[in-house]
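# Just need the structure, nothing else, for what follows:
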Amino acid sequence: MTDDVAAARAAAEEESAFSHPPVAPDTTVAYGDDPDQVVDFYAPRGEGGPAPVVVVLHGGAWRAPYDRRHISPFAAFLAGRGFAVASVEYRHGAGEPGGGDPVAGRWPDTFDDVAAALDALPGLIRERVPGADPRRTVLTGHSAGGHLALWAAARHVLPAGSRWRTDEPAPLRGVVALAPIADLEVADKLDVCGGAARQLLGGDDHFAERRPYADPGLLLPTGIATTLVQGRTDVVVPQVVAEAYAEAAAKAGEVVGVTLLEDVGHFPLIDPGADACAVVAEEIAQLAW
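Next up is the predicted model:
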């Protein structure tokens, strides 16, 4: 495939994924005082007993123009498959002074928010989504959100003294990371999303020192069942990033599943109109049930 053809297909996939109108949640609950510290809940559709919970972390290179609205059709799709869905918002990178392009992430705010949301969610789910079973929770995230999902599941192996470290593993059935920026060093070398990985950690002066606290590729093994779903033709977050994480896990003595989808790029994984989205739902179901 030529570069022009690959770029055209990637653009068409992105257009399709973003063509779905945002889907309003059943309820929105705050987990902090900042306007971005909220969770959208989508109640499970259909009959049956208590539903597994899927926690969704949206992507967008940790940058301010992208929020949970673009992934709301995916959240509603999962609710239609019988899951209770919690779509987490968090603080992104702000614009540079003088109106420059948004940077990726805010240190430590982005990580503070994801940690606080995950800590609050079991109680919030019990209060706000009576048809859900928080004991069967799967964490998922797309792209930058895939990074945050892997990181949130690894807080118990963070370096001692980290503000986000937990004493025990998160009570998760597993993680399904979708085209995740799973290895910050590899992503940085490839300049994924315009240097987003380096920006997330505060730039050149902080990248090396902060990686042990933020790079999922260094936070292994987790002991939590983990699957990566990756399109082979992804030009936004290339396949090699997911493979680097899986290789690091193997070296740490842990098996991480990698589901590679032929002729699939970055955005079909969260596009309810794409076959790849059904594959994602099945991967989540295998862990949740």
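
# what's the longest helix in this structure?
When the chain is parsed with DSSP state H, its longest helix is helix 109-128.

# Okay, buried residues for that one please.
109-118, 120-121, 124-125, 128 (16 or more other Cβ atoms under 10 Å). Heads up, the C-betas are built off the backbone N, CA and C, glycines and all.

# Stretch 225-237 too?
For stretch 225-237, a neighbour-count test (16+ other Cβ under 10 Å) marks A225, T226, T227, L228, V229, Q230, G231, T233, D234, V236, V237 as buried.

# just to revisit the earlier point, helices and strands around the longest helix of the chain, which ones?
strand 27-30, strand 38-42, strand 51-57, strand 84-88, strand 132-142, helix 144-152 (3 or more Cβ pairs under 8 Å, 6 or more residues apart in numbering; DSSP states H and E).

# rerun at 10 Å
strand 27-30, strand 38-42, strand 51-57, strand 84-88, strand 132-142, helix 144-152, helix 207-214 (3 or more Cβ pairs under 10 Å, 6 or more residues apart in numbering; DSSP states H and E).

# list the buried ones in the fifth one?
When you say that, I think you mean strand 132-142. Applying 16+ other Cβ under 10 Å to strand 132-142 flags A132, D133, P134, R136, T137, V138, L139, T140, G141, H142 as buried.

# Check the shortest one too.
Buried residues in strand 27-30, counting neighbours by 16+ other Cβ under 10 Å, are found at V29.

# what does the last one give?
Of all the residues in helix 207-214, those buried under the rule 16+ other Cβ under 10 Å are F207, R210, R211, Y213, A214.

# from these, which two are the most distant?
Greatest spatial distance among these (Cβ to Cβ): F207 and Y213, at 11.5 Å.

# anything in contact with each of the two?
Taking Cβ atoms under 10 Å, 6 or more residues apart in numbering as the criterion, F207 and Y213 both touch L201.

# Next, the angle from the longest helix of the chain to strand 38-42.
40 degrees (axes from the mean of the first three to the mean of the last three Cα atoms, to 10 degrees).

# I'd like the mean pLDDT over helix 109-128, please.
The average pLDDT for helix 109-128 rounds to 96.

# Now do it and strand 51-57, the angle between them.
160 degrees.

# Can you check what angle separates helix 109-128 from helix 207-214?
Using the same axes, to 10 degrees: helix 109-128 against helix 207-214 is 20 degrees.

# So, low pLDDT: which residues of this protein?
Residues of the chain meeting the criterion pLDDT under 70: 1, 95-100.

# neighbours around P108, how many?
Neighbour count for P108, taken as other Cβ atoms under 10 Å: 16.

# Report the contact partners of the nearest residue to it once chain neighbours are set aside.
Leaving aside its chain neighbours, P108 sits nearest to R163 (7.0 Å; criterion: Cβ to Cβ, 6 or more residues apart in numbering). Shown in contact with R163 (Cβ under 10 Å, 6+ apart): P108, F111, D112, A115, Y213.

# In a strand, R163, correct?
No - checked against DSSP: H, G, I helix; E, B strand; the rest coil, R163 lies outside a strand; its state is coil.
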